[in-house]
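Student: Starting from these lines, generate the structure:
(chains A, B, C and D, ligands or ions: 4)
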Amino acid sequence: GTTKKSVADDDAGAHASHAKADPHAPTKKGLTVAFLPKQVNNPYFTVADKGGEQALKQLGSSYKEVGPNSATDTSGQVSYVNTLTQQQVDGIAVSAQDPGALCTALKQAMKNGIKVVTYDSDTNTGCRDVFVSQAGAEALGRSQVQLLGRQLGYKGEIAILSAAQTATNQNTWIGFMKDELKKPRYKDMKLVTTAYGNDDAQQSFQQTQGLLQEHPRLAGIISPTTVGIKAAAQYLSGSKYKGKVRLTGLGTPDDMRRYVKNGTVDAFELWDPAKLGALAAHASVALSSGQITGRRGETFEAGSLGTFTLGDKGVIDLGAPTVFDRDNIDRYRF
Amino acid sequence: MTDSALVRAVRWDTVVGALLLVLLLLSFAFVDGFGNALNLSFLIGSTLPVALIALPMTLLVVSGEIDLSVASTAGLSGAVMGALWNAGMAIETIIPLCLLLGVVCGLVNGLLVTRLGLPSLAVTIGTMAAYRGIAQIVLGSDAVTDFPGRYLDFAAGRIGGSFVPYALPPFLVLLAVAVLVLHATPFGRSLFAIGANEEAARFAGIRVKRHKLWLFTATGLLASATGIFWALHYASARYDNATGLELSVVAAVLLGGISFDGGRGTLGGAVAGVFLLGALQNVMSLLNVSAQSQIVVTGILLVASVLGPRLARRIAAARTARAVRAATALPHAS
Amino acid sequence: MTVTGRTPAPTVEPGTAAETRLLDRVFRLRELAILAVLLVMVAVTQADNPEFLSAQGVKDLLLNATILVLVASGQALVVITRNVDLSVGSVLGLTAFAAGDFLQGGGNALVAVLLAVALGIGCGLLNGALVSLGRVPALVVTLGTLYIVRGADSIWVGSRQITASDLPDAFTDFGSGGLSAVPYLALIALAVLVATAYYLRNFGGGRELYALGSHPEAARLAGIPVRRRVLAAYVACGALTGLAGALYLARFGNVDSSTGSGYELTVVSAVVVGGVAFTGGSGSVYGAALGALLLTTVGSVLPALGASSVWVLAINGVLLVLAIAVDRIVALRVARALKKRSAPHRRDLRHD
Amino acid sequence: MPEPPMPEPPVLAAQGLSKSFGAVRALRNVSLELYAGQAHALAGENGAGKSTLIKTLAGVHRPDAGSLSLRGEPVVLHGPADARDAGVAVIHQEPTLFPDLSVAENIFMGRQPRRSLRRVDHRAMNAAAGALFARLAVGLDPERPARGLSIADQQLVETAKALSFDARVLIMDEPTAALTGSEVARLFGVVRALRDQGCAILFVSHRLEEIFGLCGHVTTLRDGEVVASEPVADLTEDTLVRRMVGRDLGELYPRQPAEPGEVALSVRRLTREGVFTDVSFDVRGGEIVGLAGLVGAGRSEVARAVFGVDKWDAGTAEVCGRPLTNGSPSAAMAAGLVLVPEDRRAQGLVMDMSIERNIGLTGLRSTVRAGLVDRGAERGRALDWAVRLKVKYARIADAVGTLSGGNQQKVVLAKWLATGPRVLIVDEPTRGIDIGTKAEVHRLLSGLAADGVAVLMISSDLPEILGMADRVLVMHEGRLTAELPRADATEESVLAAATGRAR
Ligand SMILES: Nc1ncnc2c1ncn2[C@@H]1O[C@H](COP(=O)(O)OP(=O)(O)OP(=O)(O)O)[C@@H](O)[C@H]1O
Ligand SMILES: Nc1ncnc2c1ncn2[C@@H]1O[C@H](COP(=O)(O)OP(=O)(O)OP(=O)(O)O)[C@@H](O)[C@H]1O
Ligand SMILES: [Mg+2]
Ligand SMILES: [Mg+2]
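Tutor: Numbering: from 1, shown residues only, chains lettered A, B, ... in the order given. Ligands and ions are numbered 1, 2, ... in the order given. This next block holds a predicted model:
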C-alpha cells in the first residue's frame, strides 16, 4: 500500500488550488463560530474558548461551544462536527482528538462552505484551512529541555511523562525534545524513558511513582501536559523526592502555584490559552471574510494580538511561551 | 384475557420501538436539520458500530453471559489492520485476517468461560485490558489513515444522494439473520433456556458449553468486523479506537429490555434501544443540549426503562385485581 | 403406611468436625490464593528493584490501594446481596469535589469528610431506593445513576477544578503522611475494613445480606426485611464511596468534573478478582480488599520493573485473567482432593 | 362447617378466603379452622388450591377477599414475617434454602442465638441445629452449605427449620413427598409429639395412608372450593378419593405384564468417587425396574451419572449395546436414553418459560422445518402430551411457574416422555402428583413398558415400587445391596437391604 505521508501531501496539494486571498477584504460581522474542544469542562479549554468568545464578541460575531464529555470519545467529536455541519455555522474551531478520524467529517463541513480552524491539536493538513499553533512546536519542545537543563546544571537522568501515546502535539514536542538533547551541551543529560499517564490524574500519579522507583537516580522530569505535571507535582510534594527531583513542563499557573511556592517546582512554562482561543477566533473570521485562504505567506490582523503570517501548511504560530516561576507567577490567573 | 393483552402491550421492547418512532416523527417535524439525508446518514453511520455489536451481545446476554471485551477486540482488529497495511499487505488479505483475529479473541473468552467455568464478567474485564494492551503494543502511537479510498467510501459513504449508508444493507441482512437465529431456530430457543435455567437446559440435552462457545466466537467475529468498519468509517486506525463502546452497547441493550439475568428479551427491543439512544443523542446535539445534560438524559432514560414497565405492570395488576374482587364480591354477598 | 426401619446414626459423626475444618480452610483458601499471587508478585519485583519495598515504596503501595479498598469493600456489600452499584465512580467524583469545594471555602477538614460521607449516603439512598422499592434490576438502575450523577456533577462543577493549592496544607499532608511507612489513609481503610468484615460475619444483619443474595425469594419467605437490607447495603456502599472520595481529595489534591470516571470497572474487577461472586451470597470484604490490593500492586509493579508503558495495559489484563484462572483451578483441585478424602461420607462440596 | 370439638376458639381460622391469579380463581370462599392439639389434613387434586391456601395463611399471598383470625382475634398478615411472629411455622411445598449458607444458618436465619452485643453465636447455632437433626434422625452436618442437598435433604432442613420455631401452628405442604417410609415415620413421631403438646397441625399429602395415619380431621378442596370438611374417622380411602376427584378410581398399580426383551440399558461397575461405588445392573426392554433405598443412598446420583449430567470416574454404561459418552446428556438422548429429574424447579423446568416451550425443549430437533422451529408442530407435540397427562392449565402459553406443584411435575414428565425414549429413567416420577393422576402415570409407564421401553424407576414411595416393578434394585450408602425379583420384593426385604441389614 501507499504510505500515510504521501496521501497527506496529496491533500495539501489539492488544497492549494483555492480562491485567492484578499488581505483588504472587509471583516464580516454576524458570523457564528463554533468551538469544539477535545473535551468540554476541561479547564484549559474553557480558558481558551473564553478567549475565543471575547474575541468574537469584539468582532461582532457570535460564539458557541460544543464538545464531548471525554477526551477519548473520538466518535463523539465526529458527531459534533456533523451536527455543526447540519446547523450551518460559518466556522468551526476544533482541537482534534485524532488527526485522522475527524477528516471525513471536516471535509464534509468544508464542502458545505464552513471554514475550519484547528487549534491546540491539529488534524491532517488537508482536513482544515489553518492550524493555530500554541507556540511553535519546535520552540516548545526545545525550551522545556532548556528549562530543565538549566535547573539540573545539565547533568543527570531525566524522564518524560506524557499524556496519551497517540496525542499528536505531545509526540511532536517530544520529538523536538529528543533532538535538542542531541546537542553537545546535554551530553551529561540522559533521557531514560517516556511514560504515559493518559491525562488521567491517578494514572499520571502512579506513572511518576514507577519512574522514581525504576530509576532511583532520576534527576528531572518533563511533563508536557497540564494534567501530568500537576499529578507529578502532587506526588513529589508528598514524597521524599520533594525538592530533589526537578520537575518542569507545561502547566497552568493556578494549578502549579502551590508547588512553586513550596519548592517542588522551580519553573515551568505555558502559552496563554486565552490568546490561543482568541487567535483561533480571529483566524476563523479572517477565513470567512476571505482575508486568508490558508496558504503560506498570507497575513491577517488579529486585533490586540497583532498581525500574523501564515507559515508552512497553513500553520499560524502564537509566539513564544511564557515561563512561570516564583517571581512572576502571582501575576497570572488562569 | 384482556389483562394479558394489556400486559403484552406494555412489554418493554414494544414500548422502546414506539418511543423510537415517536422520537423520529417529532424530530422530522420540529428539529431543523434532522430530516435531511446527510444527517440521517450520519446518524445511522455513527450508530452502526453499536448496533453491530449489539446483535451478538443480545444473544450472549439472553444466554446469561456478557462480553465486555468487545470494544477492545474492535480496537485490536483495527490496530492490526493498520499495522498490516503499513507493512504493505493487501487490504483484501488483511480484512479476513482481522476477522480471524476476532474469532480468536472470542474463542479465548469462550474457552475461559466454558472450560474453566469462570464468570464471563470477570474474564472479559480481564481480556478487555489485555486486548487493548496488545493493540497498543501492535500499533503504538501510530494512527493509520491512508486506507484505499474505495474502502473508505464504502464505510463512510452513502448510496447516491439518499440517506442510506452503504453499510446499512449488509447490517440489515445480519440483523435478519440474527433475528431468525434467536427467535426461530432451535439454537435460539436453547439460548433462552440456558439463560433462564442452565441446569434445566443441561438436563434437556442442550449442549450448553458448545452453545456458549459459539456465541463468544460470534461476538468476537462481529466485534472485529465493527473494528474494521470503525477504522474505515473514521479513516483512522488507532489502538484506542472504539474505547468505551462496550458501555454504550450494554446501555442500549439494557434499554431495549434485555434482562441481564438471562433468558429474557428480543432482538427487536435491543436494536430499537440502540437506535433510540443514537437518535436521541443526534437530536439533542442538534438542539444544542450540552454533553453533560445529554448524559443526564441517557441516565434518566435507563432508570425509566426499568421503572416504567414495572409501574405499568403494577397498575395493570391492581386494576385486574380490583375487577376480580368486584366480580367475586357479588355472588358471595349473602 | 408407617414403616419403621432402623434409624441411621443420628447427629454429627466424629469424622465431620475435622472435615468441616478442612472445608473451612478451603473456603478461606480463595483469599489465600490471591494473597499468594500478590506475595509472589511483590517478591519478584523486589528482587529486580530493591527500591520497590523501600519505606517510600511500601507507603506508595498502601496509599494506592487505600481508596480502591474502601470502594471495593462497599461494592462487595452490594454484590453479596446479588446487586451491583455501577455509580461508584460518579459518586466518588461528586463527593471528592464537594469536599474540596467546602474546604476551598475555608471549611473544617473533618466536616468536609463528613460532608462527603453524607453525600455518598445520599447517593446510596437514591440507588437503594430505586433498586429495592422499585424491585428493578440493579445493573440498569445504577448504570442510569452512573450517568445521572456524572452529568449532574459535570453541570455543577463545569470547568472548575480543585487543586492542592486550594486545600489546607494540613489536609493534603494528612493525605500523604503516615506513621513511618504506614500511611494514615491506609489505617483508616483498615479500620473500616475490619469493622465491616466483623459485622458481616457476626451480626444478624450481616448474615441476612448473604442470605438474601443467596436466594432472594427464600429470604422473603424467611421474613427478612429484604428491602431494608438492600437499602442498607447501598447506603453503606455510598458512605464508603463518599469516604473514599474525601480521601481521594486528600491524596491527590486535584479534582475536577471527570474525577473517577471509569472507576466502576476497576472496582468491579477488584471485587471479582477477590472472589465475591456476582450471583450473590458468597465472598467476603477481605477478599475484595485483597483484590483491590492486587490490582493496584500490578499497577505499581510494572512501572517499577521498568516495563514500558506500552506493555502495562496488556500485562495488566493478562495478569487479571491469570489470577482468576489460577484461583479457580486451585479451588477445583482442592475440592476434588477433598471429595476423595471424604469418600466414605457422602457430603459433597460444590461451590461455584 | 365443622362443629368445634373444643369450646375454646380455633388457634388459626380463615373465613371466606378468595384469591385469583389473573383469570385463574385459585380459592373461592374458603373457610378453615385449626384447633390446638388437632392435626388437620388438607386434601385435593393437583391445582385444587391447597398451596395457595397455605401461602395465604402464611402471609405470602394477600387474599382478595375474606379474613384470618388468630385465637378469635382478626389479623391481617402483611408478610411472612407477620405470620412467623404470630407463631405460625410453615413448610412450603418447594423448599427454599439459601444455597451458599450453612444448613444451620438456613434454619436459624433471622433468629440466630445471640451472644453479648447481639452478636451471632455460631457455636450455639450449630449445636441447636445438630439437636434438631437428631430429633429427626437425620445425619446432616449443620456446617455444610445447603448447595447440593438432595430434594429430600432440603425438605428435612425445612422441617427442622419449622420445628425450631416452637410454633403454635405448624403448616406442612407435602413434607413427605420425597421421603421414604422410615423418614416419614420419624417425622410423624415428632409431629405427633408436637400435636400432643398442644400445637395445631395443618398437613397436606397425596398419600392417603399418611392422612389417615396422622390426622383427625380432613378438609377437601376441589377447584378452589371446600367440598367437605369432616372427621377422618368417618371416612374410608375410597370416599376421600371420591371427594377429591369427584369419581371412583380404577386400579392403583395397573401393571400390564410384558415380555422382557433384549438388554436395553447395561451399567457395569460404575463409580463416582465419594458418591456411589461399583454399581452394575441391566434393564431390559419391556421391563420396569425399581430402584429403592433410603434418602441419600445415591440413587439419583447413579441416574445422573448414567444420563451424563455428572461424570463418572470408572465403569461403563451402554444403551442397546452402544457405549454412552461420559458426561454428555445430549449423547445419551441421541442414544434414546432420557432422565426425568427429581428436582423439577432446579432441573426439570424453566420456570419463566411457557408450558409449550418447556415441553418443546427436549424436542427441538424433531420439530424443525428447514432449520427453523415449526411452531405448529411444537404446539401440537406439547398439547398432545399436556392432555395425555391431564395438566391443568389456563393457557398452554402460560409460564410454567404459575402451575401448581403437581401440575409442574406432570409437565416434567410430558417433557421427556414426548421424546419417545427407548430407555426411560424416572426419578421420583409421581412426587407431588395427586392420587388420580398417579394412577394415570402408572398406566402410562406400564403402557410404555408394554411397547418395549426399558424403564428404571427411582421412587421413595415403596408401595409404588412394589406395585409397579418387575424387579427391585436396592441401594445403601452408594452400593447396590440387593436385586429382588417381583416375587421376593416385600416391604421387609427391601427395607432390610436399604438399611444395610441384608448380607
Ligand atoms: N403465582 C401464580 N400465578 C398464577 N396462577 C397460580 C399461581 N399460583 C397458583 N396458581 C394457580 O392456582 C391454582 C391452585 O394452585 P395451588 O398451587 O394452590 O394447587 P395445589 O392444590 O397446591 O396443587 P398441588 O397438589 O399440585 O400442589 C392452580 O390452578 C395454579 O395454576
Ligand atoms: N448436585 C449435588 N451436589 C452435591 N451433592 C449432591 C447433589 N445431589 C445430591 N447430593 C448429595 O449426594 C447424596 C446422594 O443423593 P441422591 O439424591 O443421589 O440420593 P437418593 O438416593 O436419590 O435419595 P433421594 O433422591 O431420596 O434424596 C446426598 O447426600 C445428597 O446430599
Ligand atoms: Mg401445592
Ligand atoms: Mg433422589
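Student: pLDDT weak spots in chain A?
Tutor: A:1-19 (pLDDT under 70).
Student: Show me the helices in it, by range?
Tutor: Residue ranges of the helices in chain A, as given by DSSP state H, are A:4-15, A:43-59, A:74-86, A:103-111, A:137-152, A:168-181, A:201-214, A:226-237, A:253-261, A:273-289.
Student: I'd assumed B:A316 was in a helix, is it?
Tutor: Yes: assessed by DSSP: H, G, I helix; E, B strand; the rest coil, B:A316 belongs to a helix.
Student: how many other residues sit next to B:A201?
Tutor: 26 (other C-beta atoms under 10 Å in any protein chain shown). C-beta here means a position set from N, CA and C on the backbone, and glycine is covered the same way.
Student: Would you mind naming the helix or strand containing it?
Tutor: B:A201 is part of helix B:198-203 when elements are defined by DSSP states H and E.
Student: And that helix, how far out from the chain middle?
Tutor: Helix B:198-203 sits 27 Å away from the centroid of its parent chain (C-alpha atoms, centre = their mean, to the nearest Å).
Student: Any buried residues in the helix or strand just after that helix, and which?
Tutor: With elements assigned by DSSP H and E, the helix or strand that comes after helix B:198-203 is helix B:208-233. Using 16 or more other C-beta atoms under 10 Å in any protein chain shown as the test for burial, helix B:208-233 gives B:208-209, B:211-233.
Student: Helix B:208-233 close to chain D?
Tutor: No: Helix B:208-233 lies out of reach of chain D by C-beta under 8 Å from any C-beta of the partner chain, never closer than 8.8 Å.
Student: Could you list every helix and strand in contact with that helix?
Tutor: Helix B:208-233 is packed against helix B:37-62, helix B:70-86, helix B:91-116, helix B:149-156, helix B:186-196, helix B:198-203, with contacts defined by 3 or more C-beta pairs under 8 Å, 6 or more residues apart in numbering or on different chains; DSSP states H and E.
Student: Identify the residue nearest the residue of chain C found nearest ligand 1 in space, chain neighbours excluded?
Tutor: Per C-beta to the nearest ligand atom, C:E217 is where chain C lies closest to ligand 1, at 11.8 Å. Of all residues not flanking C:E217 in the chain, D:T96 sits nearest, at 5.9 Å (C-beta to C-beta, 6 or more residues apart in numbering or on different chains).
Student: how much space between the one you found and D:L462?
Tutor: Distance of D:T96 to D:L462, given as C-beta to C-beta, to the nearest Å: 28 Å.
Student: Over to B:G110?
Tutor: Per C-beta to C-beta, B:G110 is found 47 Å from D:L462.
Student: Write out the residues of the stretch 351-500 of chain D neighbouring ligand 1.
Tutor: Neighbours of ligand 1 within the stretch 351-500 of chain D, by C-beta under 6 Å from any ligand atom: D:392, D:402-407, D:432, D:434.
Student: For my notes, please list those residues in a markdown table and give distance to D:V184, secondary structure and pLDDT for each entry.
Tutor: Formatted as a markdown table, these follow (distance: C-beta to C-beta, whole Å; DSSP: H, G, I helix; E, B strand; the rest coil; pLDDT from 0 to 100):
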| residue | distance to D:V184 | secondary structure | pLDDT |
| --- | --- | --- | --- |
| D:K392 | 27 | coil | 86 |
| D:T402 | 30 | helix | 90 |
| D:L403 | 26 | coil | 90 |
| D:S404 | 22 | coil | 88 |
| D:G405 | 18 | helix | 86 |
| D:G406 | 19 | helix | 87 |
| D:N407 | 24 | helix | 90 |
| D:G432 | 15 | coil | 85 |
| D:D434 | 18 | coil | 87 |
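Student: Can you say which of the residues you listed are buried?
Tutor: D:392, D:402-407, D:432, D:434.
Student: now, among the residues you listed, which is nearest to B:R319?
Tutor: D:T402 (19.0 Å; C-beta to C-beta).
Student: dump the residue contacts of the closest one.
Tutor: D:21, D:24, D:394 (C-beta atoms under 8 Å, 6 or more residues apart in numbering or on different chains).
Student: quick one, phi/psi of the second one?
Tutor: By that I understand D:V24. phi -80, psi 120 (degrees, to the nearest 10).
Student: who touches the spatially closest residue to it that is not a sequence neighbour in this structure?
Tutor: Of all residues not flanking D:V24 in the chain, D:A394 sits nearest, at 5.4 Å (C-beta to C-beta, 6+ apart). Neighbouring residues of D:A394 by C-beta under 8 Å, 6+ apart: D:22-24, D:402.
Student: so how far is B:T14 from the residue in the stretch 151-300 of chain A that ligand 1 sits nearest to?
Tutor: When distances are taken as C-beta to the nearest ligand atom, the stretch 151-300 of chain A reaches nearest to ligand 1 at A:Q202, 49.9 Å away. Distance of A:Q202 to B:T14, computed by C-beta to C-beta: 44 Å.
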